[in-house]
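sequence plus predicted model, see below.
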Amino acid sequence: MAALTFKVTRQNPELIPPAKPTPHEFKPLSDIDDQEGLRFQIPVIQFFRNIPFIQADPVHVIRAAVSEALVFYYPFAGRLREVADRKLVVECTGEGVMFIEADADVSLQQFGDDLQPPFPCLEELLYDVPGSSGVVNSPLLLIQVTRLRCGGFIFALRLNHTMSDATGLVQFLSAVGEIARGAKTPSIPPVWERHLLNARAPPRVTCTHREYDEVPDTKGTIIPLDDMVHRSFFFGAAEISALRGHLPPHLRRCSTFELLTACLWRCRTIAISPEPNEEVRMLCIVNSRSRFNPPLPKGYYGNAFAFPVAIAAAGELSSNPLEYALELIKKTKSDVTEEYMRSLADLMVIRGRPHFTVVRCYAVSDVTRAGLGDVDFGWGKAVYGGPAKGGVGAIPGVASFYIPFKNKKGENGIVVPVCLPADAMEVFVKELEMMVSREDDHNSVPAGRIPVLITSAL
């Protein structure tokens with residue numbers, strides 16, 4: 001498929017302040033929020049169809065709704081400052097979030113039936129305004145609304161990850177949507193209360209947090225190269241059923257997240273072929289909101305997840321059946337408790353807010369239930385709503401997302417963007433094909449029907 005190219009005409013970036021005066025105060029982030037591994041910008045994108053009977057301009061509607069929503073979420077209109085011991089604090093200045101109005105000479109249809117990352121011309125749809133992307137002293141949100149030739153539009157956003165996780169971001173965007181559709185106040189009042197995830201006094205590490213091990217990098221870590229390939233893979237009911245067919249009966253009731261994570265970890269390890277005795281790591285991003293007693297308040301919009309890590313020798317992981325990886329993933333997920341989160345906050349303070357280990361590491365984040373596709377600014381739900389690309393983070397290529405997706409046949413499933421060097425990607429595709437096309441399983445995907453969305457508009 002030829003690469004889709006188009007021209008985007010942008011207006012000058014502007015700052016959108018809250019619609020009414022808001023308090024000038026200093027609000028510290030939690031000791032989970034300001035760890036090194038979250039000090040980056042995360043891109044999100046949503047595609048909306050034209051609704052013929054709606055005459056309103058999405059740019060004007062969203063601009064006004066963002067301004068009104070910021071009255072309730074005024075910390076987003078401030079700027080981060082770093083104080084003693086690398087602590088991050090929001091100075092609620094009311095300066096505003098950065099907003100870009102744009103028009104593109106392309107229609108939604110031209111992006112094709114399968115809208116999934118990586119998206120063509122992303123840097124045009126979410127323009128990196130020079131000087132705007134710092135973690136401190138910079139806008140905490142950048143929003144670009146691009147009108148399309150067909151009357152649809154694209155809403156793209158860049159979030160400073162220290163402020164919120166996917167659940168928190170969706171809560172803010174839902175408030176913008178509700179206000180855009182006529183509400184005066186958000187249905188879920190925002191809750192700051194970041195002290196709920198602060199270290200204890202005195203801090204004490206009571207759990208094992210191997211995700212923050214200091215590991216020497218011998219070899220096997222993927223450093224971004226010029227020949228990195230981005231591809232997206234679709235897992236529908238047939239692919240998931242085929243993967244379950246690899247498991248002994250007592251493990252087949254595992255969650256889709258556990259199954260997919262075990263499969264991808266094993267296939268990726270084979271593809272990058274570390275030394276057999278090298279440790280490889282799988283970070284599972286686990287939302288801890290419901291693991292507190294009482295649970296965190298409903299409107300809490302800070303980061304409330306952990307990165308527990310499964311660890312195996314590369315040779316063991318590659319040569320053992322899928323159940324070996326699965327058992328490790330299941331155990332890792334179950335480690336996250338309220339005590340684990342308290343211990344994690346304590347570790348951050350004791351060790352100076354370290355980055356999680358990226359040596360021979362792969363991370364997955366499941367946003368299938370986050371609701372990024374459910375946000376409604378008045379034009380109905382997005383055709384696609386989710387991460388704008390895979391492999392984001394302080395170290396590109398280390399992370400993948402699980403994104404809810406409906407393919408052109410109408411099948412619901414999960415799309416996973418993966419970023420690997422070109423030669424490793426070839427091996428990864430072959431391994432994955434073998435996993436989903438078992439000759440002895442009537443539920444399996446026919447050989448040759450690889451669940452790769454190679455039709456990415458790139």
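The structure has been received and is ready for your questions. What you are looking at is a predicted structure, and each value in this text was computed from that prediction instead of being measured.

tell me the bridge partners for residue 100.
Residue 100 has these beta-bridge partners by DSSP bridges: residue 144.

do the same with the one 4 residues further on
Under DSSP bridges, the beta-bridge partners of residue 104 are residue 8.

what about it, how many neighbours?
If you count neighbours by other CB atoms under 10 Å, residue 104 ends up with 20. Where C-beta positions appear, they are placed from N, C-alpha and C, glycine not excepted.

what's the answer for residue 298, then?
There are 10 residues near residue 298, going by other CB under 10 Å.

cool, residue 12 as well?
Residues near residue 12, counting by other CB under 10 Å: 7.

mind checking how far it is from residue 99?
Separation of residue 12 from residue 99 (CB to CB, to the nearest Å) stands at 10 Å.

find residues that contact each of those two.
Taking CB atoms under 8 Å, 6 or more residues apart in numbering as the contact rule, residue 12 and residue 99 touch no residue in common.

from residue 333, how far off is the residue nearest to residue 10 when sequence neighbours are not counted?
The shortest distance from residue 10 to any non-neighbouring residue, by CB to CB, 6 or more residues apart in numbering, is to residue 102 (4.4 Å). Counting by CB to CB, the gap from residue 102 to residue 333 is 41 Å.

what about these two, which has more around it?
residue 102 (20 against 17).

could you check the distance from that one over to residue 72?
Distance, residue 102 to residue 72, using CB to CB: 26 Å.

same thing with residue 21?
Shown here: residue 21 relative to residue 72, a distance of 13 Å by CB to CB.

and what of residue 106?
Here residue 106 is placed at a distance of 34 Å from residue 72 (CB to CB).

who's more crowded, these two?
Shown here are residue 106 and residue 72; by other CB under 10 Å, residue 106 has more neighbours (22 against 18).

pLDDT value on the closest residue to that one other than its chain neighbours, please?
Distances taken as CB to CB, 6+ apart put residue 6 closest to residue 106, at 3.7 Å, once the chain neighbours are dropped. What the model reports for residue 6 is a pLDDT of 92.

are we agreed that residue 6 is in a strand?
No: checked against DSSP: H, G, I helix; E, B strand; the rest coil, residue 6 lies outside a strand; its state is coil.

quick one: it from residue 252, how far?
The gap separating residue 6 from residue 252 is 46 Å, by CB to CB.

same question for residue 183.
With CB to CB as the criterion, residue 183 and residue 252 are 44 Å apart.

same question, residue 325
For residue 325, the distance to residue 252 - CB to CB - is 15 Å.

hmm, who's touching the longest helix seen in the chain?
Ranked by number of residues, the top helix in the chain under DSSP state H is helix 256-272. Identification of contacts with helix 256-272 by CB under 8 Å, 6+ apart yields 220, 222, 235, 240, 243-244, 247, 280, 282, 284, 310, 314, 317-318, 322, 325-326, 328-330, 333, 362, 364, 366, 400, 402, 414, 416, 418, 420, 424-425, 427-428, 431-432, 435.

in the stretch 101-250 of the chain, which spans are helices?
Secondary structure of the stretch 101-250 of the chain (DSSP state H, counting those that start in this stretch): helices located at 122-125, 166-180, 237-244.

out of those helices, flag the one nearest residue 149.
Within the helices of the stretch 101-250 of the chain, the stretch nearest residue 149 is helix 122-125; the backing value is 14.0 Å (CB to CB).

which residues are contacting that closest one?
Residues from elsewhere that reach helix 122-125 (CB under 8 Å, 6+ apart): 6, 8, 43, 45, 102, 104, 119, 144, 146, 154, 156, 388-389.

now these in TSV, with distance to residue 210?
TSV is the format used below for the contacts of helix 122-125 (distance: CB to CB, whole Å):
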residue	distance to residue 210
6	46
8	44
43	29
45	34
102	44
104	46
119	35
144	39
146	43
154	40
156	36
388	30
389	28
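
now, which of these sits nearest residue 373?
Within the contacts of helix 122-125, proximity to residue 373 (CB to CB) peaks at residue 45, which comes in at 10.8 Å.

tell me which element that closest one falls in.
Assigned by DSSP states H and E, residue 45 falls within strand 41-48.

residues near residue 15, how many?
Residue 15 - counted by other CB under 10 Å - has 12 other residues nearby.

gap between stretch 299-315 and the chain center?
The chain centre lies 13 Å from the centre of stretch 299-315; the measure is CA atoms, centre = their mean, to the nearest Å.

flag every buried residue along that stretch.
Neighbour-count burial for stretch 299-315 flags 299-314 (criterion: 16 or more other CB atoms under 10 Å).

filter these down to the ones in strands?
Residues from those lying in strands, with DSSP state E as the criterion: 305, 306, 309, 310, 311, 312, 313.

of all those, which two lie farthest apart?
Checking these with CB to CB, the most distant pair is 305 and 313, at 27.0 Å.

show the average pLDDT along stretch 59-66.
The average pLDDT within stretch 59-66 is 98.

and for that stretch, what's in contact with it?
Contacts to stretch 59-66, defined as CB under 8 Å, 6+ apart, come from residues 16, 19, 97, 99, 101, 143, 145, 147, 153, 155, 176-177, 179-180, 377-378.

in helices, which of the contacts of helix 256-272 appear?
Those of the contacts of helix 256-272 mapping onto helices are 240, 243-244, 314, 317-318, 322, 325-326, 328-330, 333, 424-425, 427-428, 431-432, 435, per DSSP H.

which element is residue 382 on?
Using DSSP H and E, no helix or strand contains residue 382.

was I right about it contacting residue 48?
Yes: using CB atoms under 8 Å, residue 382 makes contact with residue 48 at a distance of 5.6 Å.

helices or strands up against the lengthiest strand in the chain?
Secondary structure of the chain read by DSSP E shows that its longest strand is strand 412-421. With contacts defined as 3 or more CB pairs under 8 Å, 6 or more residues apart in numbering; DSSP states H and E, strand 412-421 has these neighbours: strand 228-235, helix 237-244, helix 256-272, strand 399-406, helix 422-436.
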